[in-house]
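**Student:** Return atomic coordinates for the entry below.
(chains A and B)
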There are 2 protein chains.
Amino acid sequence: MRILIIGAGGVGSAAARIAVRREFFETLVIADYDPARPSALVDELGDGRLSAAQVDASSADSVAALVREHGSTHVLNAVDPRFVMPIFTGCFDAGAVYLDMAMSLSTPHPDHPHEQTGVKLGDEQFARAEDWAAAGRLALVGIGVEPGLSDVFARYAEDELFDEIDELGVRDGANLVVAGYDFAPSFSIWTTIEECLNPPVVYEEGRGWYTTPPFSEPEVFDFPDGIGPVECVNVEHEEVLLMPRWTKAKRVTFKYGLGDEFIDVLKVLHKLGLDKTSPVRVKGVEVSPRDVVAAVLPDPATLGDRMTGKTCAGVWVRGTGKDGAPRSTYLYHVADNEQTMSEYGSQAVVWQTAINPVIALELLSRGEWGGTGVLGPEAFDARPFLDLLAAPAPAGYGSPWGIEEKPIG
Amino acid sequence: MRILIIGAGGVGSAAARIAVRREFFETLVIADYDPARPSALVDELGDGRLSAAQVDASSADSVAALVREHGSTHVLNAVDPRFVMPIFTGCFDAGAVYLDMAMSLSTPHPDHPHEQTGVKLGDEQFARAEDWAAAGRLALVGIGVEPGLSDVFARYAEDELFDEIDELGVRDGANLVVAGYDFAPSFSIWTTIEECLNPPVVYEEGRGWYTTPPFSEPEVFDFPDGIGPVECVNVEHEEVLLMPRWTKAKRVTFKYGLGDEFIDVLKVLHKLGLDKTSPVRVKGVEVSPRDVVAAVLPDPATLGDRMTGKTCAGVWVRGTGKDGAPRSTYLYHVADNEQTMSEYGSQAVVWQTAINPVIALELLSRGEWGGTGVLGPEAFDARPFLDLLAAPAPAGYGSPWGIEEKPIG
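**Tutor:** Numbers count the residues shown, from 1 in each chain, chains lettered A, B, ... in the order given. Sure thing, here's the model as predicted:
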């Protein structure tokens, strides 16, 4: 396997740091628009299989040329979702397996944005699914942690724990705290605003996909491993688009544990129009208000050392168990920032995203996962993935996942 | 009386619109840094006593020269409080009576900003009080609505309603709504941030002036005339510095009826650092975050036509009445935006500020008010002011004030 990672930012770098501990690949090229970033990473990691390259991720031709130049067999897209389509297309053109951790972007319904879907997350990619299948090529989409590991959990729940699933409810929460700041998001505020202010999407059997106003259906979810109760709200996320394609769940939701304080901040930014990306004129200069919000906050990429706490990703599954009785179970994975920083030099949220595509690549290299078309993680057998994640090194990745039974009803 | 108004913004223009209906003055010059603004106003009002001029309010010499050029006897400062000291000094130098509606600015205590005062509002002006008294000159400071009418109410309560005053609690609230906007402050967000995030000041007999953290002592105050209950918090304001100098109140507070929503917005802006005035670098340009906040919101000066509702200013007095029994009384004045817009073309908050210095000028011209030194409104007899405010035109200004007894205890 000859891997190409596009993007040497937080997640791309963490994927490289995780991959170098494994034997399954021959070469790994890390490419970025700024070639200094992957070069520094390659120098730091000191693994002869690694090399750095330059790429323009906005150009399918640039991506295809790089794939051909390095004979890459598998490409991991680790850049901003705005670049999904050119990378996806470049991989198709050059005949490489494509993996990403976020899907092509949505556009709200022009008339009823809080009731009906417009262009959904991933629609542009699924529109090309027949081409990929016909060409015998594979795009494994949404294989980070959320989407990604959450989708693997959904497959596992359907195959091994439940006879019938009433709801697959992805629930993501954390108790991360950044020392020294009144308010310091542990992830990009720019992206968080984008995710949280887009109309959330929900799936229901018979009704299909529909949308709601932002921050709908607030709920306090009690997260495991000492994280505790966190206020969660509906957010637009890929799982809601992926899970109904390969599972028989009657309802699929994604709720993000933003917490009261963060939800309030986002609502205020939206109310004032400070979430807008179009420029406003301020005393002779033009700036995007959202860029100003990002500029006044600390850069989350630099906060790993000051951060403490854990982040949890998982799926709350409700339905009928294999024994025919009602069952309510949370399948989850927790990353502790102290541990990911000391072991990998990566912040917990970033590390938890990056480990999953590396495991998927290893399963593809072993032939335990395989297929053609545009497929989500729930299209594959979950067991080998979860075993490889949890098994102690050197056999596995040494990162256990958990199951917690929740009260019924 | 030969009046000079410095500043042809909202309040200065409203003062001119109110004054032209009165007979008590000979000439009225309206000056602004931008001479087009007072010229347009003078053209519009069509009163032969009026003329327009240019002035640099940041220069005491420019102010003094203008006073001498026009032989002005009384100067009303209607610009931003940053220009208090040069206008105040220019008036002293040129021998004119000085009036303002906001006093020289404060500086927080360098080490204990939320416990002790640093430089207080008005300190710079009161430091010159002996010079003014010795020269036989008068500076009547804080004679808008708040400070201003509120201070007149305090004097009235002490003279005519109470034997002993436990607390003078200024309370300001409104139910103004701007049609067509999710969030549209009815006054400058820049100034509101400044006022509300400065440490609030409180006066207590024996302890003197001290400060608290912003938004302290939240309280729901029930405003009269259909405005109803509004969440109020301590805010730094001139009354707290003025009233203890001329009344015997044991405690003086100022609470602003910002309402839950506005308080939340201000807290979020502060938490994120969007209240800061120092520039930040955003994609190659430098901007002040607070200027960006002001730029994304509608300009309140342009919203008078879209605004409905009332604004109320007053003092809640608690203590022992003239009959020796406990008494709790709110003395107040309400302005209805619909009325101020239709009668004067001025937004309610601006109009309610501007009417008071015009009444004070009329009392000074009649000799009913007079004195030397740097004096607040509570240094003068309240009755003629309140009578002139309430009496129907043409004798008075036709704007009644009210008294409401509140439950004891």
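**Student:** Going along the chain, name the helices of the stretch 101-250 of chain A.
**Tutor:** According to DSSP state H, counting those that start in this stretch, the stretch 101-250 of chain A carries its helices in the segments A:123-126, A:129-134, A:149-156, A:189-197, A:238-246.
**Student:** actually the stretch 251-400 of chain A, not the one I typed
**Tutor:** So, for the stretch 251-400 of chain A - with DSSP H, counting those that start in this stretch - the helices run A:259-272, A:289-296, A:337-344, A:348-366, A:382-390.
**Student:** buried set for whichever helix or strand comes after the last one?
**Tutor:** Sequence-wise, the next helix or strand beyond helix A:382-390 is strand A:401-405, with elements assigned using DSSP states H and E. Using 16 or more other C-beta atoms under 10 Å in any protein chain shown as the burial criterion, the residues of strand A:401-405 that qualify are A:W401. Every C-beta, even on glycine, is put in place using the N, C-alpha and C of the backbone.
**Student:** Could you list every helix and strand that strand A:401-405 packs against?
**Tutor:** Under the contact criterion of 3 or more C-beta pairs under 8 Å, 6 or more residues apart in numbering or on different chains; DSSP states H and E, the helices and strands touching strand A:401-405 comprise strand A:326-336, helix A:382-390.
**Student:** Of the ones you listed, which is nearest chain B?
**Tutor:** strand A:326-336 (26.3 Å; C-beta to the nearest C-beta).
**Student:** Would you convert the helices of the stretch 101-250 of chain A into JSON lines that also reports mean neighbour count and mean pLDDT?
**Tutor:** Written out in JSON lines, the entries for those read as follows (neighbours: other C-beta atoms under 10 Å in any protein chain shown; pLDDT from 0 to 100):
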{"stretch": "helix A:123-126", "mean neighbour count": "19", "mean pLDDT": "98"}
{"stretch": "helix A:129-134", "mean neighbour count": "15", "mean pLDDT": "98"}
{"stretch": "helix A:149-156", "mean neighbour count": "28", "mean pLDDT": "98"}
{"stretch": "helix A:189-197", "mean neighbour count": "20", "mean pLDDT": "86"}
{"stretch": "helix A:238-246", "mean neighbour count": "24", "mean pLDDT": "98"}
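**Student:** Compare the ones you listed and give me the one nearest B:I193.
**Tutor:** Taking C-beta to C-beta as the criterion, helix A:189-197 is the member of those that comes nearest to B:I193, at 20.4 Å.
**Student:** Could you count how many residues lie near the closest residue to chain B within the stretch 301-409 of chain A?
**Tutor:** Ranking the residues of the stretch 301-409 of chain A by distance to chain B (C-beta to the nearest C-beta) places A:L303 first, at 15.2 Å. If you count neighbours by other C-beta atoms under 10 Å in any protein chain shown, A:L303 ends up with 20.
**Student:** That one contacts A:S186, doesn't it?
**Tutor:** Yes - the pair A:L303 / A:S186 is scored as a contact, 6.9 Å apart, by C-beta atoms under 8 Å.
**Student:** residues in contact with the closest residue to A:R128 other than its chain neighbours?
**Tutor:** With C-beta to C-beta, 6 or more residues apart in numbering or on different chains as the criterion, A:R128 has its nearest non-adjacent residue at 6.6 Å, and that residue is A:V374. Remark: with contacts taken as C-beta atoms under 8 Å, 6 or more residues apart in numbering or on different chains, A:V374 is in contact with A:125-126, A:128-129, A:132-133, A:139, A:141.
**Student:** Try it again at 6 Å.
**Tutor:** With contacts defined as C-beta atoms under 6 Å, 6 or more residues apart in numbering or on different chains, the neighbours of A:V374 are A:125-126, A:129, A:132, A:139.
**Student:** Same check on A:G148?
**Tutor:** Applying C-beta under 6 Å, 6+ apart, one finds that A:G148 lies in contact with A:142, A:356, A:377.
**Student:** How about it, nearest residue that isn't a chain neighbour?
**Tutor:** A:N356 (4.4 Å).
**Student:** does the one you found really touch A:L149, like I thought?
**Tutor:** Yes - under the contact definition of C-beta atoms under 6 Å, A:N356 touches A:L149, with a separation of 5.1 Å.
**Student:** And the contacts of A:V374, which is closest to B:V119?
**Tutor:** Sorting these by distance to B:V119 puts A:Q125 at the head of the list, at 62.1 Å, by C-beta to C-beta.
**Student:** ok, A:L241 to B:G371 distance?
**Tutor:** Counting by C-beta to C-beta, to the nearest Å, the gap from A:L241 to B:G371 is 76 Å.
**Student:** Comparing the helices of the stretch 251-400 of chain A, which comes out most buried?
**Tutor:** Burial of these is given as mean neighbour count (mean count of other C-beta atoms under 10 Å in any protein chain shown); helix A:348-366 ranks first at a mean of 25.
**Student:** from the contacts of A:G148, which single one is nearest A:T329?
**Tutor:** A:T329 lies nearest to A:P377 out of the contacts of A:G148, by C-beta to C-beta, at 18.6 Å.
**Student:** any idea how far A:G142 is from that closest one?
**Tutor:** As it turns out, when the distance is counted by C-beta to C-beta, A:P377 lies 6 Å from A:G142.
**Student:** For the stretch 101-250 of chain A, which residues are neighbours of chain B?
**Tutor:** Proximity of the stretch 101-250 of chain A to chain B (C-beta under 6 Å from any C-beta of the partner chain) is limited to residues A:182-183.
**Student:** For chain B, what's the nearest residue on the stretch 101-250 of chain A?
**Tutor:** Among all residues of the stretch 101-250 of chain A, A:F183 sits closest to chain B, at 4.6 Å; criterion: C-beta to the nearest C-beta.
**Student:** you'd agree that residue is up against B:K271?
**Tutor:** Yes - under the criterion of C-beta under 6 Å, A:F183 lies in contact with B:K271, with a separation of 4.6 Å.
**Student:** pLDDT-wise, which helix or strand of chain A ranks last?
**Tutor:** Between all helices and strands in chain A, the lowest mean by mean pLDDT, DSSP states H and E belongs to helix A:189-197, at a mean of 86.
**Student:** What are the contacting residues of that helix?
**Tutor:** With contact meaning C-beta under 6 Å, 6+ apart, helix A:189-197 is reached by A:214, A:235, A:266, A:270, A:275, A:290, A:293-294, A:297.
**Student:** Swap in 8 Å and give it another go.
**Tutor:** In this structure, residues lying in contact with helix A:189-197 by C-beta under 8 Å, 6+ apart are A:185, A:214-215, A:233, A:235-237, A:256, A:258, A:262, A:266, A:269-270, A:275, A:290-291, A:293-294, A:297, A:300.
**Student:** now do stretch A:237-245
**Tutor:** Defining contact as C-beta under 8 Å, 6+ apart, one finds that stretch A:237-245 is touched by A:102-103, A:120-122, A:141-142, A:146-147, A:150-151, A:154, A:168, A:170, A:195, A:201-203, A:209, A:249, A:252-254, A:256, A:315, A:376-379.
**Student:** can you list the contacts of A:G148 in CSV and add pLDDT and distance to A:Q339?
**Tutor:** Output for the contacts of A:G148, formatted as CSV (pLDDT from 0 to 100; distance: C-beta to C-beta, whole Å):
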residue, pLDDT, distance to A:Q339
A:G142, 98, 25
A:N356, 98, 17
A:P377, 98, 24
